Every structure is written in C-alpha cells, then in structure tokens.
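# structure of the sequence below:
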Amino acid sequence: MKTVLITGCSSGFGLETARLFLDRGWQVVATMRTPRDDALPRSERLRVLPLDVTDAASIRSCLAAAGPVDALVNNAGIGLLGALEGIPMAQVRELFETNTFGTMAVTQAVLPQMRERRAGVVVNVTSSVTLKSLPLLAVYTASKAAVNAFTESLALELAPFGVRATLVLPGRAPTTRFGENARSRMAGSIPPAYAELAGAVFADWAQQPADAVTQAPDVAEAVWRAVTDPACPRRLAAGVDAVALMPA
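Reported below is the predicted structural model:
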C-alpha cells in the first residue's frame, strides 16, 4: 500500500485531495498547521500531522513521524491580492516563505528517501495565473512562477534516480477558503490610485459563472493523475478555466 503526504489539508484543494486518495486505497499523511480531528473521515490509513512548511524543525518532526512516503504533494500556500505599491515587503516575504521556500524546503527534506529507493513523485500545486498575467496578483504570481521553474529544473535532476517532479496548475476557485484568506490580507493593499482598476477587476471576477471556474475535485483528480500516471504532462491544468489557458 502506497503512502502520500499532502501539505495544507485543512481546507480546499488539500482536503479534497486527501479524501480522494483515501477513497482510492492509499495511506494518507494529511498535514496542516493546526491539525483538526474532524477535517477528514476516520480511517486506519489516515494520519493527520502538524506541519508548518516555513519551520525547519516542524518539517523534520513531521517527516520523522510520517516515515517513508511514495508521493509528496506540496499544496500548502497563501494568497495575496493587491497592488505592489500597497503591499509591505514583510508581507511579500511571508508569501514567498510559504508558497516558494516552503515548497522547496519540504521537497528537499523528502528527496533523500525517494532517491535512495529510486522511486517517488513530487507534485507541486501552483496556479493558472502563471499562464495568464492578471492585475493585483503580481506578488502571488511571482511566488508560484518560481515554483514552476523550480519544478521543471528539479525534474531533470531527479530523472536519473527514477523520481518524478510534476506541476498541477489550478484555475480560480472562489468557493475555497484560500480566496477568503487572500482577501483578508488586502487591508491597505489597494492605494487610492488603484481603486478604479481594482473595482473593474473585482466586477469581472464576480461575473464569472460557477461552471467556468475551478472546483476542488478538479484539482484532486489532477493531483491523482500526476501521482499515478508516469506519462502525464509535466504541467497539468486543473479546472475548466485553467485548461482553457494551457498552450495547445
């Protein structure tokens, strides 16, 4: 029985992905900053562990408790909406610590066991905003674009050891807590000079029909394919809006 470790499982994409892998017979290590007993159904194949991807000691402790893993899904991330002028650099660094450096740190910690076994897969969840630039998302897009480049180069390093590295790029998912958290960080991030632009952007997002955006099951299915199908593309879109942006 294979084991997957998924970061950021308290809600949204990570929670749905953990459920899907459980339903399909895998052992699941679901990690989150503050573990919740009610987040997932009880199962002998499930362990819920604390993990702060920005804390080296937390990463070491989590992986020691998890034991060998066949697949790592780096899903943990935070959002940020705002014009660059209105975002303090401390907030920019916080975003990169989680979205970019956290992904790198957890991956680096897991790789030795995969390399030694000459088997395993790393799936990094980024975003379709790296396929089509959008205003008010410059910092967030940069944090995810860095992970895209990191993953594609890493894949070349790992191929000789039989380890794969792939990307899942979700579209916009307005129903997840991720979007709510991004908006909660907006305080002061829209200077008056950008108010008209922001109003137009938000109005456009509000008009998008529910069937034209990404749902959590779309992402879970894409992650499943990335983990279980060695022939899947290096970049895998998740959600109808993300699929529409992928180059032919």
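# if I look at the spatially most central residue of the chain, how far off is residue 7?
The residue at the geometric middle of the chain, judged as the C-alpha nearest the mean C-alpha position with Cα atoms, centre = their mean, is residue 75 (2.8 Å). When Cβ to Cβ, to the nearest Å is the yardstick, residue 75 and residue 7 sit 5 Å from each other. Quick note: C-beta positions are derived from backbone N, CA and C, even for glycine.
# then residue 32?
Residue 32 sits at a distance of 8 Å from residue 7 (criterion: Cβ to Cβ).
# what is the least confident helix or strand in the chain?
Averaged element by element with mean pLDDT, DSSP states H and E, the chain has its least confident helix or strand at helix 177-184 (a mean of 55).
# C-terminal to that one, what's the next element?
Sequence order places helix 195-206 as the next helix or strand after helix 177-184, per DSSP states H and E.
# skip ahead from that following helix and say which helix or strand is next.
Tracing the chain C-terminally past helix 195-206 and defining elements by DSSP H and E, one meets helix 216-228 next.
# quick check: which element contains the closest residue to residue 126 other than its chain neighbours?
Nearest residue to residue 126 in three dimensions, chain neighbours excluded: residue 144, at 4.2 Å (Cβ to Cβ, 6 or more residues apart in numbering). Element membership for residue 144, per DSSP H and E: helix 138-158.
# which residues touch that helix?
Applying Cβ atoms under 8 Å, 6 or more residues apart in numbering, the contact partners of helix 138-158 are 74, 77, 79-84, 87, 91-92, 95-96, 99-100, 103-104, 107, 111, 114-115, 122, 124, 126-127, 129-130, 133-134, 164-167, 169, 182, 234-235.
# which other helices and strands does the next helix or strand after it contact?
Past helix 138-158, heading to the C-terminal end, the next element that is a helix or strand (DSSP H and E) is strand 163-170. Strand 163-170 is packed against helix 103-117, strand 120-125, helix 138-158, helix 216-228, strand 235-238, with contacts defined by 3 or more Cβ pairs under 8 Å, 6 or more residues apart in numbering; DSSP states H and E.
# can you say which of those is packed in most?
strand 120-125 (a mean of 25; mean count of other Cβ atoms under 10 Å).
# report the angle between it and helix 216-228.
Counting by axes from the mean of the first three to the mean of the last three Cα atoms, to 10 degrees, strand 120-125 lies at 150 degrees to helix 216-228.
# pLDDT on strand 120-125, on average?
What strand 120-125 shows for mean pLDDT is 98.
# repeat that for stretch 132-146.
96.
# how distant is it from the center of its chain?
Relative to the centre of its chain, stretch 132-146 is centred 14 Å away, using Cα atoms, centre = their mean, to the nearest Å.
# same check on stretch 167-176?
On the basis of Cα atoms, centre = their mean, the separation between the geometric centre of stretch 167-176 and that of its chain is 9 Å.
# quick check: buried residues in that stretch?
When burial is assessed from 16 or more other Cβ atoms under 10 Å, stretch 167-176 yields the following buried residues: 167-173, 176.
# one more: stretch 26-34?
Of the residues in stretch 26-34, those with enough neighbours to count as buried (16+ other Cβ under 10 Å) are 26-33.
# what's the answer for stretch 199-208, then?
For stretch 199-208, burial by neighbour count (16+ other Cβ under 10 Å) applies to residue 201.
# the closest residue to residue 143 other than its chain neighbours and residue 223: what is the separation?
In space, residue 143 comes closest to residue 99 once its chain neighbours are excluded; the distance is 3.9 Å by Cβ to Cβ, 6+ apart. Summarising the geometry, the distance separating residue 99 from residue 223, computed by Cβ to Cβ, is 17 Å.
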